[in-house]
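Peer 1: only geometry, no sequence info:
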Ligand code: IDP
Ligand code: MG
């Protein structure tokens, strides 16, 4: 059965004109884009999205960055979508990401690493609901 995951193209990647390149990677990996929109998070919304990282030392910097400009949020669907997306994203730190992955190609550093992807079934469900109403998602 098809699974869904939430993807975010982060502010610096949107600003650098990489939306098309990154969406192309998703489609090439069989990840179908079933919802998408540009969103400019307020600092409060960014802090809510990353609440799980509240105690981490990079929380203030991360949420400031994520609210610094528009992001492209999308819902991706395929069998095993969550793990497939994490695979093509690459490791959190672009310097440690495998060649050919999105973060290796376009991530600037461990914070400005081009993309976010849900890390499990529960986070995928809650992250999708954070951005999209059910009638904004278009499965075939
Ligand atoms: P992930 O995005 O690969 O799942 P997480 O550990 O969940 O990685 O961290 C969430 C986000 O926080 C990362 O994508 C990155 O933008 C930022 N981040 C993670 N670790 C660091 C760090 O050590 N310094 C600065 N930012 C970080
Ligand atoms: Mg994570």
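Peer 2: The structure has been received and is ready for your questions. All values derive from a computational prediction rather than experimental measurement. Residues are numbered from 1 along each chain as shown. Ligands and ions are numbered 1, 2, ... in the order given.
Peer 1: give me the pLDDT for residue 59.
Peer 2: Per-residue confidence (pLDDT) for residue 59: 98.
Peer 1: any idea how far it lies from residue 86?
Peer 2: For residue 59, the distance to residue 86 equals 22 Å [CB to CB, to the nearest Å]. Bear in mind the C-beta positions are built from the backbone N, C-alpha and C, glycine included.
Peer 1: likewise residue 26?
Peer 2: The gap separating residue 26 from residue 86 is 12 Å, by CB to CB.
Peer 1: next one: residue 15
Peer 2: Distance from residue 15 to residue 86, by CB to CB: 24 Å.
Peer 1: so between these two, which is more surrounded?
Peer 2: When residue 15 and residue 86 are compared on other CB atoms under 10 Å, the one with more neighbours turns out to be residue 86, at 16 against 11.
Peer 1: need the contact list for that one.
Peer 2: 117, 119 (CB atoms under 8 Å, 6 or more residues apart in numbering).
Peer 1: so, low pLDDT: which residues of the chain?
Peer 2: For the chain, applying pLDDT under 70 flags no range at all.
Peer 1: can you list the residues of it near ligand 1?
Peer 2: Listed as neighbours of ligand 1 in the chain under the rule CB under 6 Å from any ligand atom: 53, 58, 62, 92, 110-111, 113, 116, 119.
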